[in-house]
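Peer 1: sequence unknown, structure follows:
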Ligand code: SF4
């Protein structure tokens, strides 16, 4: 059986990061990442945050099976939160699933896939939680040194996030979460917080920059509590998040640094100050608010209130006035009244979030809020979500509009998805992470190698270009280049 693989990723950036690492690890072992129709091994990296997560995974596996009929030996691996929950149940329901792995099991997935390739009867479950961060590859001894950056695997488009480009790297700094917010399944599916050792994080970041990354996103369920694991002797990894951020930012050649996700209750004043002090720390922050009502925040167990959240926003904007804030919001949490919801709308306006991910609340098995009453009627939640999203759309529009006429530095990711026979447009991101599309068809790819590649397709990805913003679209910007990419 050919060692060819294809990865489908659902969910958050943690999953995107896991899939990216897995792809690099397999390529380093001689596997080939190919299009769906050519693959013998599929990895479905799952998420249980959105509605009906199991059904979504079942339907994806069913689709793959139908698609690939006539390929005996075709194998699937299911990873991530749904794999952790359903576990070996996948083996019975879908016999072509021969590997299940949870988030602590990702480190063992490449070896497990090798075993499956050699032994067609093998079935492997990697579902145990570990007490320390399971180092995914011996980056210190350079096992992955030969592995070139790869295209980020296919991403669940309904999350609204386009794929990243080759110059953008995701580096895990921690795993799991100890917060047990009332609605969240993550502490059960990803386990307790485990911080990765700073030297391993720094080694991987340096290596990614040497391999061509110009932007790094540090990932963790709650990066602000990095290094403060209660399970670790002495309580930490020897370094807090603010210091880690400084050391990563100081890596020569790193042009952009981002991090996600931040819990407001844990944000350190030193991290806030870093926005004003580190020029390559990008002026954007995703800071989940979840609700604008103190009563709802209390029931959610979020451990901050409106006033504290607004203080943080104030301090962040004092440190970096152009900072763009985005957030997550849950609508229809048990007991949410019309007044509670109005408080969320009011916070949205007051903070001026540039965009938000918002969802109707739904019970997840085993979490505290599943037992909370009264539940908000689905029709009420849906109507509130529409109102919230409509307000968000108008704030987004206004804030993007205010950028017209300004200049931005855009990191090019890929050709824009909608290409007709007209001019060639490229998609990239400005410093704050906004999507900018710009026309670049008059730029010749540099060097003979690039010319032999798919036109300018591969040559321009990862380059920076200065652009003037000429038009604000609903969720993105249209720019025109000023000067040549570099
Ligand atoms: Fe879930 Fe809360 Fe942890 Fe975020 S901080 S992962 S919402 S428990």
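Peer 2: Okay, I see it. Nothing here was measured: the structure is a model prediction, and the numbers come from that model. Numbers count the residues shown, from 1 in each chain.
Peer 1: Would you mind listing the buried residues in the helix ranked longest in the chain?
Peer 2: In the chain, assigned by DSSP state H, the helix with the most residues is helix 378-401. Across helix 378-401, burial judged by 16 or more other Cβ atoms under 10 Å covers 380-381, 384-385, 388, 391-392, 395-396, 399-400. Bear in mind the C-beta positions are built from the backbone N, C-alpha and C, glycine included.
Peer 1: Turn those residues into CSV, including pLDDT.
Peer 2: Formatted as CSV, these follow (pLDDT from 0 to 100):
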residue, pLDDT
380, 98
381, 97
384, 98
385, 97
388, 98
391, 98
392, 97
395, 97
396, 97
399, 96
400, 97
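Peer 1: could you dump these to JSON lines with distance to the ligand?
Peer 2: Formatted as JSON lines, the entries for those read as follows, by distance: Cβ to the nearest ligand atom, whole Å:
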{"residue": "380", "distance to the ligand": "23"}
{"residue": "381", "distance to the ligand": "18"}
{"residue": "384", "distance to the ligand": "20"}
{"residue": "385", "distance to the ligand": "18"}
{"residue": "388", "distance to the ligand": "18"}
{"residue": "391", "distance to the ligand": "23"}
{"residue": "392", "distance to the ligand": "20"}
{"residue": "395", "distance to the ligand": "23"}
{"residue": "396", "distance to the ligand": "23"}
{"residue": "399", "distance to the ligand": "26"}
{"residue": "400", "distance to the ligand": "28"}
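Peer 1: Most widely separated two among these?
Peer 2: Spanning the widest gap among the buried residues of helix 378-401 are 380 and 400, at 30.4 Å by Cβ to Cβ.
Peer 1: The residue in the stretch 351-486 of the chain that the ligand sits nearest to: what's it in contact with?
Peer 2: Relative to the ligand, the nearest point of the stretch 351-486 of the chain is residue 367 (9.0 Å; Cβ to the nearest ligand atom). By Cβ atoms under 8 Å, 6 or more residues apart in numbering, the contact list for residue 367 reads 182-185, 188.
Peer 1: of the residues you listed, closest to the ligand?
Peer 2: Nearest member of these to the ligand, counting by Cβ to the nearest ligand atom, is residue 184, at 3.1 Å.
Peer 1: Could you report the neighbour count for residue 130?
Peer 2: Per other Cβ atoms under 10 Å, the neighbour tally for residue 130 reads 15.
Peer 1: what do you get for residue 20?
Peer 2: For residue 20, using other Cβ under 10 Å, the count is 25.
Peer 1: Three-state assignment for it, please.
Peer 2: Classification of residue 20 by DSSP: H, G, I helix; E, B strand; the rest coil places it in helix.
Peer 1: Please pull out the lowest mean pLDDT helix or strand from the protein.
Peer 2: Least confident helix or strand, the chain: strand 154-155 with a mean of 38, by mean pLDDT, DSSP states H and E.
Peer 1: picking that back up, distance from the chain centre to the longest helix of the chain, please.
Peer 2: Averaged C-alpha coordinates place helix 378-401 at 22 Å from its chain's average position (Cα atoms, centre = their mean, to the nearest Å).
Peer 1: following it, which helix or strand shows up next?
Peer 2: Later in the chain than helix 378-401, the nearest helix or strand by DSSP states H and E is strand 407-415.
Peer 1: what's that next one packed up against?
Peer 2: Helices and strands touching strand 407-415, as assessed by 3 or more Cβ pairs under 8 Å, 6 or more residues apart in numbering; DSSP states H and E, comprise strand 425-429, strand 435-439, strand 464-472, strand 477-481.
Peer 1: Other residues contacting it?
Peer 2: Contacts of strand 407-415 (Cβ under 8 Å, 6+ apart): 162-165, 167-168, 214-215, 255-256, 424-431, 434, 436, 438, 440, 457, 460-469, 477, 479, 482, 485.
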